[in-house]
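Visitor: Here is the input, now give the coordinates:
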Amino acid sequence: MAAIFNTERHVKYYLRCLKTFLPSAYTSNDSNRMLLAFFTLSGLDVLGVLQDKITPEERQGYIDWLYHCQVPSGGFRGFSGTDFGAERRTADNEAWDPANGPATFFALVNLLILGDDLSKVKRRECLQWLPKLQRADGSFGELLGPEGTIEGDRDLRYCMCAAGIRFMLRGSGSKGVEDIQDIDVPGFISFIEACQFLRRGGADIHSVRMLTPGSRKFETLMAWLASRQTAELGEEEEDDEDETDDESQVDTELTSDDATNSLEERIVALPALTALAGDESIPCAGFNGRYNKFADTCYSFWNGATLLVCGRGVLPNTHF
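Guide: Reported below is the predicted structural model:
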């Protein structure tokens, strides 16, 4: 029997997170409250119940909290716990209450989900702050530390957040920000290409057609994303003596061919990835982030969203 998506239980859980205390497993993530708010609000929105389950007063309260997390010099903090008051904030201590790249992205999206028009966003300050997060190699960090140092890994998720912030605040419809220095877009694109194709620097972005449907680069990426779907959920833990070595483990990824196939062969086989929809021997499945890993809710979000953005949402086996 196919698994049933219990919408009511999901809604109940989201509302618990939104209106009461966080479940104990998440209390250590209080500094990531902006991210948790995004998953909660967007979850209710995707399920089509956001308008019905929160009152106008609650909606305004959430909007007020989001703006309370706005940093005077631009951007948003991840939660209100680092706010020591605007009257005490100086150039010497502001690094201890920094704007955060991902938090800023999620704050803006949360405001839009709640129907806010972003009119209270310090748009100019935020767009002036954003280029300061970009490194010489085109990547983006998470935040600015003491003396303006860029903190955080060279993580493409930070880059995605930076691109989203730029789009929401500097999009084609934005006025009054034309005089603000933009990020280094060519360098940004070169860094993304370097991450995908193991190349470093020197790419002529004007001659490279990135992610063009039908191109080898695009189809290779789609094949890799689709092949991340796996039935290995990692729910059962085995004792060390019962574990098999890597050479004898069974490949459980939902690919149409053996894992040793080349990327080119997988590209050709892409249409077959949905052929398992009638296979009831696999009870459920999700996405992992790389080979030989368990399915993960977070990667199911990232991989699924990427496939949808690229117009290939039909590739995953949605039966499970």
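Visitor: In contact with the residue nearest to Ile150 when sequence neighbours are not counted, which residues are there?
Guide: Counting by Cβ to Cβ, 6 or more residues apart in numbering, Ile150 lies nearest to Gly141, which is 3.8 Å off, once chain neighbours are set aside. C-beta here means a position set from N, CA and C on the backbone, and glycine is covered the same way. Contact partners of Gly141, counting by Cβ atoms under 8 Å, 6 or more residues apart in numbering, are Gly101, Leu133, Gln134, Arg135, Ile150, Glu151, Gly152, Asp153, Arg154, Tyr158.
Visitor: what about 10 Å?
Guide: 101, 132-135, 149-155, 158-159, 162 (Cβ atoms under 10 Å, 6 or more residues apart in numbering).
Visitor: out of these, which is most surrounded?
Guide: Gly101 (31 neighbours; other Cβ atoms under 10 Å).
Visitor: which residues does that one contact?
Guide: So Gly101 contacts 75-76, 78, 129-130, 133, 140-144, 150-152, 155, 157-162, 164-165 (Cβ under 10 Å, 6+ apart).
Visitor: ok, now Gly234?
Guide: Gly234 makes contacts with Asn288, Lys293, Phe294, Ala295, Asp296, as judged by Cβ under 10 Å, 6+ apart.
Visitor: got a pLDDT number for the fourth one?
Guide: It stands for Ala295. Note on Ala295: pLDDT of 88.
Visitor: quick check: domain ranges of this structure?
Guide: Domain ranges of the chain: 7-86+93-197, 216-235+253-309, per automatic domain parsing.
Visitor: Just give me the lowest mean pLDDT stretch among the ones you listed.
Guide: Across these, the lowest-scoring stretch is domain 216-235+253-309, with a mean of 69.
Visitor: How about the helix or strand that contains Arg124, which residues are buried there?
Guide: Under the criterion of DSSP states H and E, Arg124 resides in helix 123-129. For helix 123-129, the neighbour count (16 or more other Cβ atoms under 10 Å) marks Arg123, Glu125, Cys126, Leu127, Gln128, Trp129 as buried.
Visitor: which one among these gets closest to Leu211?
Guide: Checking the buried residues of helix 123-129 against Leu211 by Cβ to Cβ gives Leu127 as the nearest, at 25.4 Å.
Visitor: what residues are up against that closest one?
Guide: Leu127 is in contact with Gly74, Gly75, Ile165, Arg166, Leu169, Arg170, Ser174, Val177, Ile180, Gln181, Asp182, Ile183, counting by Cβ under 10 Å, 6+ apart.
Visitor: Kindly write the ChimeraX command that selects the buried subset of those residues.
Guide: To isolate the buried members of the contacts of Leu127 in ChimeraX, using 16+ other Cβ under 10 Å:
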select :74,75,165,166,169,170,174,180,183
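Visitor: Make a markdown table out of the contacts of Leu127 and add distance to Asn29.
Guide: Output for the contacts of Leu127, formatted as a markdown table (distance: Cβ to Cβ, whole Å):
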| residue | distance to Asn29 |
| --- | --- |
| Gly74 | 25 |
| Gly75 | 20 |
| Ile165 | 22 |
| Arg166 | 27 |
| Leu169 | 27 |
| Arg170 | 30 |
| Ser174 | 33 |
| Val177 | 33 |
| Ile180 | 33 |
| Gln181 | 34 |
| Asp182 | 33 |
| Ile183 | 29 |
